[in-house]
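A.B. asks: Need coordinates for the following:
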Amino acid sequence: MSYGQPRNPMDDLELKIKKMLSNPKQLLPLVLIFILIPVVSSSFYTVQPDEEAVVLRFGKYTETTTPGLHFKLPFGIDTAIKVKTKLVLQEEFGFRTTSTGGKRTSYSNSSFDGESLMLTGDLNVADVEWITQFQIAEPQKFLFNTRDPVQNIRDISEAVMRRVVGDRLVTDVLTVGRTEIANEAKQLTQEILNNYDMGVRVISIKLQDVNPPEPVKPSFNEVNAAKQEQEQAINQAEKHYNDVIPEARGQAEKKIAEAEGYAQALVNTAEGDAKKFSAVLKEYKKAPKITRERMYIETMEKVLRRMDDITVVDQQVSGLLPIYNSTKDVSGGKNAK
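C.D. replies: The predicted structure follows:
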């Protein structure tokens with residue numbers, strides 16, 4: 001057994017190459033492999049589930065392919081441009097998001113007043129920040145119908161927002177009109193994009209911060225606070241009104257009912273007296289003398305009952321009349337003389 005120096009692998013490779021070059025038939029498979037690898041790799045492409053691919057042949061649009069594995073002509077004859085058609089894209093106006101990682105979102109400190117400051121219908125200024133969200137519905141139109149589709153979307157969205165805000169009072173823009181503004185801006189933006197045939201579908205327009213400009217913000221906040229106090233006072237007054245008025249109406253209805261009852265009682269009493277008088281008159285006509293005496297006696301009984309001292313004088317007695325004091329009650333009286 002001999003122990004010589006180990007053979008160099010490069011020497012073995014050099015020997016094999018010399019053998020292949022000396023025999024062209026052995027070199028042909030290797031050449032074919034080197035040719036087929038780039039051909040095969042450039043002839044197939046994969047479209048992901050959230051994508052569509054626009055295929056160009058010599059730079060001219062031919063077709064749009066859906067997700068999956070597809071064939072195309074190699075060597076740059078066909079070119080496939082993949083577009084995210086399921087992804088919701090968004091453009092920010094009046095602010096810029098610099099980072100969304102972690103729990104907090106970071107924003108740029110730069111000023112974008114040129115985008116956000118706009119004139120309202122009553123010639124005031126509002127600082128409006130918003131987001132336009134959209135999807136690419138037709139990739140070939142998005143890529144080729146306009147030169148810079150994203151910038152066009154920004155320009156259209158900003159122009160529409162200025163138009164919508166310019167048709168409203170500043171109080172509506174800053175308070176109750178936000179939803180209506182967003183809906184109208186979305187509709188108008190979609191109409192203009194359709195007119196340009198850009199292949200874009202507007203998902204939503206969301207108003208973020210809507211404020212008065214910084215120099216007048218303190219005054220606006222004071223006015224807003226005063227309006228809130230006014231509304232609170234009105235609500236309290238309405239509540240007091242709702243509490244007091246029903247009670248007052250109830251008292252009034254009670255008084256009316258009592259008055260009606262009293263009036264009815266008087267009517268009933270008067271009717272009773274009238275019936276009683278009619279009955280007495282009827283008896284009086286039958287026996288006038290007896291009726292007069294009975295009425296006289298009844299009247300005297302009522303009168304004497306209310307008197308404390310009673311003095312009876314006989315008309316037939318002449319001269320001085322002896323006075324007789326008596327504690328005996330006469331017809332309910334206390335003393336009789």
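A.B. asks: for the stretch 1-150 of the chain, what spans make up the helices?
C.D. replies: Under the criterion DSSP state H, counting those that start in this stretch, the stretch 1-150 of the chain contains helices at 9-22, 24-41, 113-116, 139-144, 149-166.
A.B. asks: Where among these is average confidence lowest?
C.D. replies: Least confident of the helices of the stretch 1-150 of the chain, judged by mean pLDDT, is helix 9-22 with a mean of 64.
A.B. asks: Stretch 163-177: which residues count as buried?
C.D. replies: Under the neighbour-count criterion of 16 or more other C-beta atoms under 10 Å, stretch 163-177 has V164, V165, R168, V170, T171, D172, V173, L174, G177 buried. The C-beta positions use only the backbone N, C-alpha and C, and glycine is treated the same way.
A.B. asks: My error: substitute stretch 280-287 in the last question.
C.D. replies: Y284.
A.B. asks: Next: stretch 118-129.
C.D. replies: Judged by neighbour count using 16+ other C-beta under 10 Å, the buried positions of stretch 118-129 are M118, T120, N124, A126, D127, V128, E129.
A.B. asks: next one: that stretch to chain centre, how far?
C.D. replies: Stretch 118-129 has its C-alpha centroid displaced from the chain centroid by 22 Å (C-alpha atoms, centre = their mean, to the nearest Å).
A.B. asks: cool, and stretch 122-135?
C.D. replies: Centroid separation for stretch 122-135 versus its chain: 19 Å, with C-alpha atoms, centre = their mean.
A.B. asks: what does stretch 294-312 give?
C.D. replies: The chain centroid and the centroid of stretch 294-312 are separated by 85 Å, computed with C-alpha atoms, centre = their mean.
A.B. asks: which one of the buried residues of stretch 163-177 sits closest to F277?
C.D. replies: Among the buried residues of stretch 163-177, T171 lies closest to F277 (C-beta to C-beta), at 77.8 Å.
A.B. asks: Quick check: next helix or strand after whichever strand or helix holds that closest one?
C.D. replies: According to DSSP states H and E, T171 maps onto helix 170-174. Next along the chain after helix 170-174, taking DSSP H and E as the criterion, comes helix 178-196.
A.B. asks: Show me which residues of the helix or strand following that next one are buried.
C.D. replies: Elements were assigned by DSSP H and E; along the chain past helix 178-196, the next helix or strand is strand 200-211. Residues of strand 200-211 classed as buried: V200, R201, V202, I205, L207, V210, N211 (neighbour count, 16+ other C-beta under 10 Å).
A.B. asks: now the helix or strand just after strand 200-211 against strand 200-211, angle please.
C.D. replies: For strand 200-211, the following helix or strand on the C-terminal side (DSSP H and E) is helix 217-286. In terms of direction (axes from the mean of the first three to the mean of the last three C-alpha atoms, to 10 degrees), helix 217-286 departs from strand 200-211 by 80 degrees.
A.B. asks: averaged over its residues, what pLDDT does whichever helix or strand comes after helix 217-286 have?
C.D. replies: Following helix 217-286 in sequence order, the next helix or strand is helix 288-305 (DSSP H and E). Here helix 288-305 scores 79 as its mean pLDDT.
A.B. asks: Which neighbouring elements make contact with helix 288-305?
C.D. replies: For helix 288-305, the packing partners by 3 or more C-beta pairs under 8 Å, 6 or more residues apart in numbering; DSSP states H and E come out as helix 217-286.
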